[in-house]
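Asks: Structure of the sequence below:
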Amino acid sequence: MATEAAVRDIVRIELGHNAPLPSPFAEADRQQAVADLLTGNRFLPAGLPPGPYALHLCLRDGRLVLDVRDEADAPLHAYALALGPFRRLIKDYGMVIEGHEQAVVEGAADARIQAIDMGRRGLHNEAAELLRERLEGRVELDFETARRLFTLVCALHQRI
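Replies: Presented below is the predicted three-dimensional model:
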């Protein structure tokens, strides 16, 4: 029997706007989110055949588009979410990332860096719950999948 961590409904992630992120730390954050997401995730779109899925994420007309495709990249269904409810969290997350990067560059005390990381985790948790709430009835996500997807939403937002 597979453990929850071994479940992989999403087997490929494609992000719109493939330009690198504005800082090495932000790019490393994005790469880690993709790697963690592909290692284990729970993503169950209602009314679609069972995965595995390829997920294309992009921002279009002020909306987050989750374009769900089969393994052969044939479109299955696209979900569009208004970004308005996420704007404060995206902005705050960007500021936390900048603060963390600055603290590391300045050689700040571990306590300061840990405090910044705690704030980042809190934002991730709040955003994950919001994402799960906004997709309720359409896509079932576990908490960790929602957290990692939020990191990718922030990465997309930084590129525009």
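
Asks: Only C-alpha atoms from now on, for both contacts and neighbour counts.
Replies: Will do.

Asks: Tell me where this structure has strands.
Replies: With DSSP state E as the criterion, the chain has strands at 10-15, 43-45, 53-60, 63-69, 75-82, 139-141.

Asks: what's the closest of those to residue 105?
Replies: Nearest of these to residue 105, taken as Cα to Cα: strand 10-15 at 28.3 Å.

Asks: residues near residue 118, how many?
Replies: Number of residues near residue 118 (other Cα atoms under 10 Å) recorded here: 12.

Asks: Residue 148 is in contact with residue 33, isn't it?
Replies: Yes - between residue 148 and residue 33 a contact is recorded at 5.2 Å, counting by Cα atoms under 8 Å.

Asks: Quick one: distance of the longest helix belonging to the chain to the chain centre.
Replies: Assignment by DSSP state H gives helix 110-135 as the longest helix of the chain. Centroid separation for helix 110-135 versus its chain: 12 Å, with Cα atoms, centre = their mean, to the nearest Å.
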